[in-house]
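S.K.: Quick one, what's the 3D model for this:
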Amino acid sequence: MPAFRQVGEKQLPQEIIFMAWSPKRDLIALANKVGEVLLHRLANFQRVWSLPPNENTGKEVTSLAWRPDGKILAFGLADTKKVILCDVEKPESLHSFSVDTPVTYMHWMEVTEESSVLTSFYNAEDESNLLLPKLPALPKNYSTTAKIFSEEKSDEIMKLLGDVSLELQSLLMNQLTVKGLKKLGQSIESSYSSIQKLVISHLQSGSEALLYHLSELKGMASWKQKYEPLGLDATGIE
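M.R.: Modelled structure (predicted):
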């Protein structure tokens, strides 16, 4: 697998504490340590605009988030406990609102039903495949083996159930010989071995997949800033 290759480097006068890529345009939003919010083009890193800190909005940026259409940028401020919505075209505050505690993470979600935010949340696009891979498929020979085993035994079982006395008599008279019992024992042992292999094989692959997913969830739970609001708890997962 090829290693990452550095394609560019840009020097900035202040330390950057937050970055957010635009979901629709060739833009990147930056927030530096002095509280300035900047917007740059990715192609040549040309500055589109900058919004300096002030007493009214705040100086301690704690989070950045783009609206899904890429037209509005939201950022949270810790010192004033506000969330500011800014137009992508110019550094002007379109709207602001106060919060009880500083916002450390924000995520925009498109609400399709104004009457129910929760309904829109549960009907949102499933992005689990971005975090967890699909479980491995069962081996192809599993269904084939099960089918053959079923076809071979179904006729005998149905006959025994349908006319017990005649079949049982035939079994006692013709098959329960030393040779027949030996053959029956070999058949049972072979069936047991096949079932054991199938069970062990699928339990092992399933256990490995489960362990992998739990490890991924535990890693996500360690990122408390992003996933603690969802209820992920590393101790509980472990």
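
S.K.: What segments of the chain are strands?
M.R.: 16-21, 27-32, 37-41, 47-51, 61-66, 72-77, 82-87, 93-98 (DSSP state E).

S.K.: Going by neighbour count, which residues in the third one are buried?
M.R.: Taking 16 or more other C-beta atoms under 10 Å as the basis for neighbour counts, the residues of strand 37-41 that come out buried are 37-40. Every residue, glycine included, has its C-beta placed from N, CA and C.

S.K.: Please list the residues outside it that contact it.
M.R.: With contacts defined as C-beta atoms under 8 Å, 6 or more residues apart in numbering, strand 37-41 is touched by 26-32, 46-51, 61, 64, 73, 75, 86, 88, 91.

S.K.: show me what contacts the nearest residue to Leu77 once chain neighbours are set aside?
M.R.: Nearest non-adjacent residue to Leu77, counting by C-beta to C-beta, 6 or more residues apart in numbering: Gly58, 3.1 Å away. Applying C-beta under 8 Å, 6+ apart, we find Gly58 in contact with 35, 77-80, 82, 84.

S.K.: Leu12 too?
M.R.: 30, 32.

S.K.: Give me the distance between it and Ser50.
M.R.: 11 Å (C-beta to C-beta, to the nearest Å).

S.K.: Ok, Leu94 next?
M.R.: Leu94 is 17 Å from Ser50, by C-beta to C-beta.

S.K.: List buried residues within the contacts of strand 37-41.
M.R.: Neighbour-count burial (16+ other C-beta under 10 Å) applied to those gives 27-32, 48, 51, 61, 64, 73, 75, 86, 88, 91.

S.K.: Give me the helix or strand of this structure that scores worst on average pLDDT.
M.R.: helix 140-162 (a mean of 51; mean pLDDT, DSSP states H and E).

S.K.: about what we covered before: name the member of the buried ones among the contacts of strand 37-41 with the shortest distance to Lys224.
M.R.: Lys224 has its nearest neighbour among those in Leu64, at 18.4 Å by C-beta to C-beta.

S.K.: Dig out what that closest one forms beta bridges with.
M.R.: Per DSSP bridges, the residues bridged to Leu64 are Phe75.

S.K.: Can you give me every residue that contacts it?
M.R.: 18-20, 29, 31, 37, 73-75, 106.

S.K.: low pLDDT regions in the protein?
M.R.: 1-3, 111-178 (pLDDT under 70).

S.K.: Point out the other helices and strands that the longest helix anywhere in it packs with.
M.R.: Among the segments of the chain that qualify as a helix by DSSP state H, the longest is helix 178-222. Judged by 3 or more C-beta pairs under 8 Å, 6 or more residues apart in numbering; DSSP states H and E, the packing partners of helix 178-222 are helix 140-162, helix 224-227, helix 234-237.

S.K.: Okay, buried residues for stretch 13-30 please.
M.R.: 18, 20, 22, 25, 27-30.

S.K.: Taking those, tell me the two that lie furthest apart.
M.R.: Phe18 and Arg25 (18.1 Å).

S.K.: Which segments of the protein make up each domain?
M.R.: 16-98, 132-236 (the TED database).

S.K.: Ile237: what's its closest spatial neighbour, skipping adjacent residues?
M.R.: Nearest non-adjacent residue to Ile237 (C-beta to C-beta, 6+ apart): Lys218, at 4.8 Å.
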